[in-house]
Structures are given as structure tokens and as C-alpha cells.
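Engineer: just need the structure, nothing else, for what follows:
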Amino acid sequence: MASNNTHSNAIANSTDHDHEQDRESLTIPLLHSQRSIPNSSSQVAIVGSHVCPIESLDYEILENEFFKQDWRSRGKIQIFQYIVLKWLICFLIGLIVSLIGFCNNLAVENIAGIKFVVTSYMMLQEKYGFAFLVFFASNLVLTLFASVITALIAPAAAGSGIPEVKAYLNGVDAPGIFSWRTLIVKIVGSVTAVSSSLFIGKAGPMVHTGACVASLLGQGGSKKYGLTWKWLRFFKNDRDRRDFVTIGSAVGIAASFRAPVGGVLFAFEEMASWWRSALLWRAFFATAVVAIVLRAFIDICFSGKCGLFGTGGLIMFDVYSANISYHISDVPPVLLLGIVGGILGSIYNFLLDKVLRMYNLINEKGVAYRILLACSISIFTSCLLFGLPWLASCQPCPTDATEACPTIGRSGNYKKFQCSPGHYNDLASLIFNTNDDAIRNLFSKNTDCEFQYSSILIFFVTCYFLSIFSYGIVAPAGLFVPVIVTGASYGRFVGMLIGSHSNLNHGLYAVLGAASFLGGSMRMTVSLCVIILELTNNLLLLPLIMLVLLISKTVADAFNGNIYDLIMKSKGLPYLEAHAEPYMRQLTVGDVVTGPLQMFRGFEKVSNIVHVLRCSRHNGFPVIDEPPVSENPVLFGIILRAHLVTLLKKKAFISTPVPTGNDDFKHFSSNDFAKRGSDRCESIEDLEFTNEEMEMFIDLHPFTNASPYTVVETMSLAKALILFREVGLRHMLVIPKVSSRSPVVGILTRHDFMAEHILSLYPLLLRSRWKRLRFRFPRLIKFF
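Structural biologist: Take a look at the predicted model:
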């Protein structure tokens with residue numbers, strides 16, 4: 001072993017530049033406070049803006065005697081109730097999330113609308129200083145409110161929430177991500193943060209909101225806040241809740257963009273690690289509910305009963321009604337858009353990852369620093385949004401304008417800003433506006449002469465960098481809408497450069513630019529294609545959108561991964577990829593299991609159980625039978641920590657280590673062993689025992705999973721990873737090759753498959769890591 005260490009050190013000293021970068025990414029953790037702890041990134045992660053311990057989920061069905069007895073006792077009525085309640089919860093998820101989505105848009109449009117109307121009328125009276133003060137103060141107050149409630153009440157609500165939900169669907173559980181507090185703060189914080197003119201979106205928070213609603217409905221509410229529904233407390237395992245959260249994420253996208261099919265495909269392509277046809281059918285049903293409910297509310301808004309809420313639809317850019325004709329000569333500019341979108345998207349992901357790491361160093365210093373950072377970004381954004389339109393020259397209103405010119409209020413293509421009557425400020429029409437209205441203006445048809453080159457270029461650069469610096473603050477913030485705005489601006493700029501040499505108008509180029517930047521940043525294809533088609537309500541764009549998405553994703557993949565994977569990695573969430581690294585073929589499961597292994601006998605003394613639970617943090621323990629219960633030591637199964645705590649709490653003790661038959665079942669119900677939701681679980685530290693009780697025994701056999709997944713110690717680590725991920729396991733027992741040894745060699749958990757853990761044990765395998773054909777960004781930003 002010493003010779004191996006010497007050999008690996010020699011190789012480490014001679015590694016080239018690429019290997020040094022790989023090694024740095026593995027050995028330099030995100031958090032300063034965790035750098036002295038080996039493999040800490042797999043045990044601790046940043047959830048929202050809060051550092052907390054994480055665990056894995058139990059997607060495996062635990063087949064112990066108690067479970068079998070409870071399942072056999074169910075009649076046809078209970079099975080029918082189970083099926084009906086599943087569909088009912090899917091309906092409720094769609095209904096509740098669609099109502100939340102509509103109210104979110106209504107609130108944002110009216111809060112931001114009042115701000116822009118008051119500011120515009122002050123500028124009409126040439127009170128520019130007061131106008132800036134109102135704009136600046138309102139943005140600061142809204143941002144301060146969003147950051148304070150997020151930092152103090154629910155830190156898990158910060159960010160978009162998509163990385164956390166995606167990790168949850170992969171089997172990673174973090175405290176508080178689906179609690180009532182997180183849900184309320186996510187809704188209120190998203191409304192206020194988006195209304196404060198920060199370059200953030202509400203689509204990502206809506207995905208998290210949908211997942212929260214689905215999780216709370218699946219667990220039957222919350223005991224902590226007295227909000228429980230016993231008739232819904234039917235789904236007592238992580239498997240059913242995982243399905244509901246998947247449906248919730250699909251419904252969130254559907255409610256954000258009124259894109260029901262795009263929402264289902266988004267959940268399938270980007271979020272879910274497990275999928276089946278029954279889940280697809282239920283997700284489609286839930287998103288259909290969203291589409292119907294939102295359509296009904298939009299009809300109400302058409303009558304003018306929604307205040308300042310626009311009548312153009314709920315984030316619906318229905319801008320094309322005429323037929324679109326394009327020819328083979330239009331394909332080269334579209335290819336250029338895809339290539340540029342891929343490059344810009346990969347650089348965007350690179351910069352955002354660096355900025356998030358810098359922000360996390362600031363957030364480590366305390367709540368005050370987090371709030372101060374959010375307020376600083378708000379101040380900087382307000383100054384830019386109010387100051388940049390002064391750089392643009394005023395343009396005379398076109399004689400053939402299809403709407404009022406100039407516009408004084410909140411929306412419109414022709415913002416007056418500081419211009420004289422009969423003139424408009426094209427940059428103000430984009431930058432001094434809500435993101436939704438900016439997208440409508442960029443996508444609009446018959447406006448090829450509306451914007452100047454300099455205005456579009458300034459707007460693109462502003463969106464590109466402000467969206468990067470705005471995302472990491474301690475407030476609910478999404479990336480979808482900022483990426484669409486940024487892509488649409490550079491797409492329109494390309495259309496302006498091509499001019500009359502193309503049959504496509506500038507609005508079409510804006511749509512294709514948004515598609516290319518989405519593909520370059522988020523690396524999705526099918527779901528993004530359908531979402532954009534549902535947004536623009538034009539099927540004729542399908543071939544061009546498909547082409548630009550494929551090219552932008554291919555180009556961007558040559559540089560780095562998609563944005564959500566990068567964020568998950570920087571947060572330390574132990575996400576299991578679908579593919580195995582090549583070096584895993586060179587290792588067996590016996591090479592990575594670590595000890596010491598804690599085991600229990602089938603009849604175990606209470607004092608031993610209490611001691612092990614108090615001295616370790618493990619969540620699963622092998623149960624073995626030894627003579628005289630069996631002829632030789634044999635593996636009986638595995639028992640969970642939560643079940644042991646329940647047995648201790650109920651004091652299911654026996655005086656002698658002999659079988660008790662089925663008498664144990666009379667003292668328990670299935671609810672006693674049901675998986676807890678977001679409420680605090682019972683802890684071993686909360687239990688007290690007398691000396692007499694400590695000398696008694698517990699029969700673990702009826703409550704032990706007697707059919708756990710086991711692998712022989714000579715199985716390759718790559719093969720074990722595929723089994724672990726596909727089945728959705730939390731524990732995998734490793735058994736010996738020969739029967740003369742102990743019946744259990746060790747337990748594989750999620751952390752044992754993490755590259756940080758494996759390569760810390762075998763650093764020589766660093767050269768065998770999976771490498772895509774990727775170009776390296778130069779180290780120009782070393783200070784990050």
C-alpha cells in the first residue's frame with residue numbers, strides 16, 4: 001500500500017494542466033468550514049441558501065413481516081380508495097398550482113405596473129429626480145422584503161429550487177425543501193423579487209412551488225402547523241411521494257408558460273430519474289387541469305377585471321397569426337444562431353458557476369451579509385435600468401404603428417421615457433419594463449425598424465450579466481425568463497444584421513435566438529422545443545427551432561454541463577448520473593465499502609441498540625441470526641434507524657430472547673412506521689429508559705426487511721451503480737464471495753458512489769475519469 005501511495009504521488013506531481021483542473025474541482029470544496037473534513041461535500045450540501053445535512057430516500061419497498069401482514073389485511077375498498085386518491089391528488093395539484101400561478105402573475109403585473117405607471121407620470125412632468133427615487137426605493141423595498149423573509153424564515157426557498165427538486169427525484173433528501181414555510185416564502189418572495197425589476201424569473205420557483213404542493217398533499221399536510229387531512233394520509237412511502245413531486249414539477253412549468261405538454265416533457269427530460277407510463281398519464285392529466293383553469297381565468301382578464309394585468313395572455317406570446325415562409329437560404333443564419341447560442345450559453349454557465357461560488361463565500365458570513373448582497377444587487381440594477389435609456393436617442397413614432405405611440409403607462413412597444421411628444425425611447429421599451437413585456441416587444445412582428453443596433457446590443461449585454469449576478473441572492477429566483485430575454489435580444493440583433501437578405505422578420509430571429517440560448521444554457525431539446533412552440537402558438541417554427549436547439553446543445557456540450565447540473569455540483573448535492581465512470585469498471589464494491597460495520601442480532605438487547613444509535617448516524621443496520629437461532633451466522637435482513645426508534649419509543653420489549661409470534665403486531669399500526677413528511681422525526685436523544693428496560697430485549701425479526709438488495713463483493717462498482725440508481729435504493733448490502741466469512745462485508749450508500757469519495761481512496765484512478773470532448777476555458781478569472 002505504501003508503494004501505491006508513492007507511485008500515485010509521483011503521478012500527481014507530473015499531471016498536466018487538465019488533470020490539475022480536475023483534481024482542483026474534486027479537492028477544493030465549496031464551503032471553507034468543511035475543507036478539513038474528508039468527503040464532506042457528500043454529507044453536507046447547500047439547500048437554497050442554507051448549509052444542512054442531507055440523507056437519501058427510501059424508494060425501495062421494505063418487505064418485512066409487519067408490512068406483509070398490513071398489506072394482506074387490505075380489502076378491495078382500500079385498494080380502490082388508494083387508486084381514486086391518487087387521481088384526486090393529481091387533480092388537486094393541478095388546480096392549486098394553477099391558482100398560485102395565476103395569482104403570482106396577477107400580483108407581479110399589478111405591483112410592477114403601479115411602479116412603472118407612477119414613475120412614468122413623474123417623468124412626464126419632468127420630475128426625473130423624484131421618478132428615480134420612486135423607482136429606486138420601490139425596488140429596494142421589494143428586494144429587501146423578499147431577502148429578509150427568505151433568509152430568516154425559509155432559507156431553502158432561495159434560488160429557483162429546480163436543482164433541489166431534481167436531486168430529490170434522484171433520491172437526495174434535504175430538510176425543509178417541501179415544508180409549509182418554504183412554500184409560503186417561495187410564493188410571496190417570488191412575487192416581490194420579480195416585481196423589484198431584478199433580472200430573475202418565476203418559472204423556476206413555480207417548479208419548486210408545484211413540488212411543495214405535491215409533497216404536502218401526498219403526506220396529508222403538516223402536523224406541526226395543525227394542517228392535516230387524514231383522508232389524504234394514505235401514501236406513506238417515498239415512492240408515491242416521488243411520483244407526486246414529479247407531477248408537481250411538470251405542473252409548475254405548465255402553470256408558468258401555459259405549456260401543458262411542455263411541462264410533462266420537462267419533467268421527463270430534465271427532472272425525473274425514474275419514469276413509467278402510469279406516471280406519464282397522471283402528469284398529463286394534471287397539466288391538462290392547469291391549462292383549463294388558466295384559460296378560464298384569462299377569459300376573466302379579457303373583460304378588464306384584473307387591474308393592470310395585460311390582456312395578451314398569461315405569459316403567452318401569441319405574436320404570429322400569418323403564415324411564415326422560409327427557404328434554404330435562411331438556414332445558414334439559423335445555423336449561426338445555434339452556434340453562437342451554444343458558445344454564449346456555455347460561457348453563461350461558466351460565469352454563473354463562478355459567481356455562485358463567490359456569493360456562497362459571502363453567504364457563509366451570516367444573514368446580514370446575505371441581505372446586504374441582495375440589496376446591493378437591487379441598487380445596482382435600479383441605477384442601470386433607469387440610467388441606460390438616457391444613452392439611447394429618441395426616435396420619431398412610425399406612422400403605421402399598430403398601437404399608441406408613445407406609451408406613458410406600463411406596457412407597450414413605444415415607451416416615451418424622457419422623449420418629446422411624438423417620439424419614443426426604444427431602449428426604455430425593453431429595459432424599463434417587466435421581463436414579460438420585454439419578450440413581447442422582442443417577439444413582436446412588423447417592428448423591424450423599431451429598435452436601433454446600439455439599443456439592442458446594450459440591452460443584450462445588460463441582460464446577460466445582470467441575470468448572472470441576480471440569480472445567487474437570497475431570494476426566490478428563476479433562470480428561464482432571463483435566459484429567454486437574453487437570447488431573444490441577441491437573436492433580434494442577428495436578424496437586424498442580416499436585414500433584408502432573409503425572409504424571416506426580426507421577431508422570428510428573436511424567437512430562434514431565445515431557443516438557441518436556452519439550448520446552450522439548459523441543454524434540453526424536446527421539452528424546450530415544445531415549450532417555445534406553446535409560448536409562440538406557431539407550429540410553423542418547429543423545423544427551425546429543432547435545428548437551432550440541436551446545434552446549440554451540441555456546441556455547448558463541448559465546453560461544460562447544463563446549468564442545473566453545475567449548480568447541483570456546486571451545492572454539493574450527491575446526484576447519481578445515469579452513466580458510470582470508466583474507473584468504476586476497475587473497482588469492485590468490496591474496494592469502496594468502509595467500516596466499521598454496525599450490526600444487530602435478531603434478538604438484541606435494548607442497551608446495545610440505544611448505544612449504537614446514540615454513537616452513530618447510520619440509517620440502516622444489517623440484522624444477522626447466530627446460534628442457537630440458526631446453525632451458522634446468516635444474514636436475516638436490514639432494519640432502518642427510524643424503525644428502531646419507533647420500537648424503542650413503543651417499548652416493545654421482551655424479557656427473554658425468544659420468538660413472540662404475532663403478538664407484536666397488536667401493539668403497532670402501519671402509521672407508526674409510515675415515512676414522516678416535512679415534520680420533525682423522533683430522535684433517540686428524546687427517549688429515556690430505566691436500568692431494567694436497558695437489560696431487556698427486542699425481537700427485530702418482524703420489523704426487518706428480510707429481502708434487501710444484496711451484491712457479492714466481487715461485483716464491479718459500475719454494475720452496482722446502475723442497479724442502485726435504477727431501483728432507487730438507499731442501502732445495498734455487500735455479501736462475501738465465500739460463506740466462511742462474516743455474512744455481511746459492508747453497506748453501500750449513495751456517498752460510496754461519489755467521485756470525491758472513490759478518488760480520495762484511489763487517486764491514481766483520476767486519469768481514468770470520464771472525459772467528454774471538451775474545450776477548457778482559460779484561467780482568466782482565477783480570483784473566483
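
Engineer: contacting residues for residue 352?
Structural biologist: 468, 471-472, 563, 566-567 (Cβ atoms under 8 Å, 6 or more residues apart in numbering). For every residue, glycine as well, the C-beta is placed using N, CA and C.

Engineer: what sits up against stretch 559-568?
Structural biologist: Contacts of stretch 559-568 (Cβ under 8 Å, 6+ apart): 159, 162-163, 166-167, 270, 343, 346-350, 352-353, 356, 479, 521-524, 569, 575, 774-775, 777.

Engineer: need the distance between the two termini of it.
Structural biologist: One end of stretch 559-568 sits 17 Å from the other (Cα to Cα, to the nearest Å).

Engineer: isn't residue 425 right up against residue 431?
Structural biologist: No. Between residue 425 and residue 431 there is no contact under Cβ atoms under 8 Å: 9.4 Å.

Engineer: buried subset of the contacts of stretch 559-568 as a ChimeraX selection?
Structural biologist: Buried residues among these (16 or more other Cβ atoms under 10 Å), as a ChimeraX selection:
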select :159,162,163,166,167,270,343,346,347,348,349,350,352,353,356,479,521,522,523,524,569,575
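
Engineer: narrow the contacts of stretch 559-568 to those in helices?
Structural biologist: If you go by DSSP state H, the contacts of stretch 559-568 have 162-163, 166-167, 343, 346-350, 352-353, 356, 521-522, 569 in helices.

Engineer: ok, those vs residue 725, which is closest?
Structural biologist: For the ones in helices among the contacts of stretch 559-568, the closest approach to residue 725 (Cβ to Cβ) belongs to residue 167, at 12.9 Å.

Engineer: need the contact list for the closest one.
Structural biologist: Contacts for residue 167 were tallied using Cβ under 8 Å, 6+ apart; they are 174, 568, 573-575.

Engineer: what's the single longest helix in this structure?
Structural biologist: Scanning the chain for the helix with the most residues, using DSSP H, yields helix 76-124.

Engineer: following that one, which helix or strand comes up?
Structural biologist: Using DSSP states H and E, the helix or strand that follows helix 76-124 towards the C-terminus is helix 128-152.

Engineer: buried residues, that following helix. List them.
Structural biologist: 131-132, 134-136, 138-140, 142-151.

Engineer: and for stretch 717-731?
Structural biologist: 717-718, 720-721, 724-725, 728-731.

Engineer: and those residues as a markdown table, adding distance to residue 746?
Structural biologist: Shown next, in a markdown table, are the buried residues of stretch 717-731 (distance: Cβ to Cβ, whole Å):
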| residue | distance to residue 746 |
| --- | --- |
| 717 | 13 |
| 718 | 18 |
| 720 | 12 |
| 721 | 16 |
| 724 | 14 |
| 725 | 19 |
| 728 | 20 |
| 729 | 14 |
| 730 | 15 |
| 731 | 10 |
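
Engineer: what secondary structure does residue 623 sit in?
Structural biologist: Secondary structure, DSSP: H, G, I helix; E, B strand; the rest coil: residue 623 is strand.

Engineer: enumerate every residue touching it.
Structural biologist: Contact partners of residue 623, counting by Cβ under 8 Å, 6+ apart, are 599-602, 635-639, 700-701, 704.

Engineer: for residue 190, same thing?
Structural biologist: Counted by Cβ under 8 Å, 6+ apart, residue 190 has contacts 104, 146, 202, 205-206, 209, 476-478.

Engineer: now do residue 94
Structural biologist: Contacts of residue 94 by Cβ under 8 Å, 6+ apart are 251, 254, 285-290, 293.

Engineer: between those residues, which is closest to residue 592?
Structural biologist: Of all those, residue 592 sits closest to residue 251, with 38.9 Å by Cβ to Cβ.

Engineer: that closest one: helix or strand, and which one exactly?
Structural biologist: In the assignment (DSSP H and E), residue 251 maps to helix 238-257.

Engineer: so what does that helix touch, helix or strand wise?
Structural biologist: Judged by 3 or more Cβ pairs under 8 Å, 6 or more residues apart in numbering; DSSP states H and E, helix 238-257 is in contact with helix 76-124, helix 162-170, helix 203-218, helix 260-266, helix 277-302, helix 526-536.

Engineer: how about JSON lines for those helices, with distance to residue 237 added?
Structural biologist: As requested, the helices and strands packed on helix 238-257 are arranged in JSON lines below (distance: least, Cβ to Cβ, whole Å):
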{"stretch": "helix 76-124", "distance to residue 237": "12"}
{"stretch": "helix 162-170", "distance to residue 237": "14"}
{"stretch": "helix 203-218", "distance to residue 237": "10"}
{"stretch": "helix 260-266", "distance to residue 237": "24"}
{"stretch": "helix 277-302", "distance to residue 237": "15"}
{"stretch": "helix 526-536", "distance to residue 237": "28"}
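
Engineer: so can I have a markdown table of the ones you listed showing distance to residue 449 and mean pLDDT?
Structural biologist: Shown next, in a markdown table, are those (distance: least, Cβ to Cβ, whole Å; pLDDT from 0 to 100):
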| stretch | distance to residue 449 | mean pLDDT |
| --- | --- | --- |
| helix 76-124 | 24 | 89 |
| helix 162-170 | 39 | 93 |
| helix 203-218 | 32 | 93 |
| helix 260-266 | 33 | 95 |
| helix 277-302 | 30 | 89 |
| helix 526-536 | 22 | 90 |
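
Engineer: ok, which pair from the contacts of residue 623 is furthest apart?
Structural biologist: The most widely separated members of the contacts of residue 623 are 599 and 701, with 14.5 Å between them, by Cβ to Cβ.

Engineer: quick one, which of these two is more surrounded?
Structural biologist: Higher neighbour count among residue 599 and residue 701: residue 701, with 21 against 18, using other Cβ atoms under 10 Å.

Engineer: neighbours around the nearest residue to that one once chain neighbours are set aside, how many?
Structural biologist: Distances taken as Cβ to Cβ, 6 or more residues apart in numbering put residue 602 closest to residue 701, at 5.2 Å, once the chain neighbours are dropped. Look at residue 602: counted by other Cβ under 10 Å, it has 21 neighbours.

Engineer: please report phi then psi for residue 602.
Structural biologist: Main-chain dihedrals, residue 602, degrees, to the nearest 10: phi -60, psi -40.

Engineer: tell me how far it lies from residue 740.
Structural biologist: Distance, residue 602 to residue 740, by Cβ to Cβ, to the nearest Å: 21 Å.

Engineer: and the closest residue in space to residue 256 that isn't next to it in sequence, how far from residue 99?
Structural biologist: For residue 256, ignoring the flanking residues on the chain, the nearest one in space by Cβ to Cβ, 6+ apart is residue 203 at 4.0 Å. Distance check for residue 203 against residue 99: by Cβ to Cβ, it reads 17 Å.

Engineer: how about residue 466, what does it touch?
Structural biologist: Residue 466 sits next to 198-199, 381, 384, 482 when contact means Cβ under 8 Å, 6+ apart.

Engineer: repeat that with 7 Å
Structural biologist: Contact partners of residue 466, counting by Cβ atoms under 7 Å, 6 or more residues apart in numbering, are 199, 381, 384.

Engineer: ok, now residue 734?
Structural biologist: Neighbour list for residue 734: 589-590, 593, 711, 713, 745-748 [criterion: Cβ under 7 Å, 6+ apart].

Engineer: report the secondary structure state of it.
Structural biologist: strand.

Engineer: now flag whichever of the ones in helices among the contacts of stretch 559-568 is closest to residue 303.
Structural biologist: residue 162 (34.9 Å).

Engineer: returning to what we had before: out of the helices and strands packed on helix 238-257, which is the most enclosed?
Structural biologist: Burial of the helices and strands packed on helix 238-257 is given as mean neighbour count (mean count of other Cβ atoms under 10 Å); helix 203-218 ranks first at a mean of 30.

Engineer: same for that helix, what does it pack against?
Structural biologist: The contact analysis (3 or more Cβ pairs under 7 Å, 6 or more residues apart in numbering; DSSP states H and E) places helix 203-218 against helix 76-124, helix 162-170, helix 180-195, helix 238-257, helix 480-498.
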